[in-house]
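Chemist: Got a predicted model here, sequence first, then my questions.
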Amino acid sequence: MTEPDTTPGPLGPDHGYGPDIDHVLLSEAQIRDKIAEVAEQVAVDYAGKEVLLVGVLKGAVLFMSDFARALQLPTQMEFMAVSSYGSATSSSGVVRILKDLDRDITGKHVLVLEDIIDSGLTLSWLLKNLGGRSPASLEVCALLRKPDAVKVEVPVKYIGFDIPNEFVVGYGLDYAERYRDLPYIATLKPSVYT
Ligand SMILES: O=P(O)(O)OC[C@H]1O[C@H](OP(=O)(O)OP(=O)(O)O)[C@H](O)[C@@H]1O
Ligand code: HPA
Ligand SMILES: [Mg+2]
């Protein structure tokens, strides 16, 4: 088997996206350290309970996979896919379920994992939807939040980073379905959008 090419460009491994990247906001190491810190807090808060992690596809997929490994608790996993952005850089406000949970969450301790809270519209809608399914508890753990972009306040128990109101990509976050596979979180050069 050949070794993976992890030769860093000026910004670290860039999966060939280097020319599109403006600046790196959060490095791979910063993300890893923060996930360890948040997972430790979650493990304390949920000690003795079984947690049902609900990952919001597709954005939360990398976060979910790293968070589940960092969390020292027995967990189960479910996924839900919703979309409010399509290929735009601001939310349409109309949330559609593209894939629902595979099972009933009645009586479960549900922890929703989101990559980002931007306007808050997606999570606000999702919490109402899941709250109506009688979970034992329902909390949110989001890696990123843009305090200056929030239009609807959402009760979020665990937050990784508050970031500036800029469109970001990487670590699950896309622009027109690209860049999700970047290991860090970055902004794009304006030329990418034109
Ligand atoms: O707070 P909001 O303004 O609602 O934005 C946040 C949501 O938008 C993105 O999802 P998107 O709808 O782009 O789907 P994706 O996860 O498949 O990229 C992101 O993953 C969040 O779920
Ligand atoms: O800044 C963002 N980047 C990518 N997807 C998003 N969905 C909401 N905000 C963002
Ligand atoms: Mg998206």
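Modeler: Noted; the coordinates are in hand. Ligands and ions are numbered 1, 2, ... in the order given.

Chemist: What's the first helix or strand after the one helix or strand in the chain whose mean pLDDT sits lowest?
Modeler: The element with the least model confidence among the helices and strands of the chain, by mean pLDDT, DSSP states H and E, is strand 96-99, at a mean of 91. Tracing the chain past strand 96-99, the next element assigned as helix or strand by DSSP states H and E is strand 109-117.

Chemist: And that following strand, how far out from the chain middle?
Modeler: Using CA atoms, centre = their mean, to the nearest Å, we find the averaged C-alpha position of strand 109-117 to lie 7 Å away from the chain's own average C-alpha position.

Chemist: near ligand 1 at all, it?
Modeler: Yes: in this structure, strand 109-117 sits against ligand 1 according to CB under 6 Å from any ligand atom; the contacting residues are 114-117. Yep, even glycine has a C-beta here, placed from its N, CA and C like the rest.

Chemist: Among those residues, which ones lie close to ligand 2?
Modeler: Ile116.

Chemist: sorry, back to before: quick one: contacts of the least confident helix or strand of the chain?
Modeler: Contacting residues not belonging to strand 96-99 are listed as 57, 79-84, 129 [CB atoms under 8 Å, 6 or more residues apart in numbering].

Chemist: swap the cut-off to 10 Å and go again
Modeler: For strand 96-99, contacts defined as CB atoms under 10 Å, 6 or more residues apart in numbering pick out 57-58, 79-84, 86, 125-126, 129.

Chemist: Given that strand, what are its sheet partners and their directions?
Modeler: The partner list of strand 96-99 in its sheet, established with DSSP bridges, is strand 75-83 (antiparallel).

Chemist: The partner strand: which residues count as buried?
Modeler: Along strand 75-83, these residues count as buried under the neighbour rule (16 or more other CB atoms under 10 Å): 75, 78-80, 82-83.

Chemist: One more: stretch 52-66?
Modeler: So for stretch 52-66, counting by 16+ other CB under 10 Å, buried means 52-64, 66.

Chemist: So which of the residues you listed sit within helices?
Modeler: Among the buried residues of stretch 52-66, the members falling in helices (DSSP state H) are 61-64, 66.

Chemist: what about the helices in the chain?
Modeler: Remark: helices of the chain, listed N- to C-terminal, are 28-45, 61-70, 121-131; assignment by DSSP H.

Chemist: Report the central residue of this protein.
Modeler: Asp115 (1.3 Å; CA atoms, centre = their mean).

Chemist: Do I have it right that it meets Gly160?
Modeler: Yes: using CB atoms under 10 Å as the test, Asp115 is close enough to Gly160 to be in contact (9.5 Å).

Chemist: where do the contact lists of these two overlap?
Modeler: Listed contacts common to Asp115 and Gly160 are 63, 142-144; contacts here mean CB under 10 Å, 6+ apart.

Chemist: Using TSV, lay out those residues together with pLDDT and distance to ligand 2.
Modeler: Output for the shared contacts of Asp115 and Gly160, formatted as TSV (pLDDT from 0 to 100; distance: CB to the nearest ligand atom, whole Å):
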residue	pLDDT	distance to ligand 2
Phe63	98	13
Ala142	98	11
Leu143	98	11
Leu144	98	8
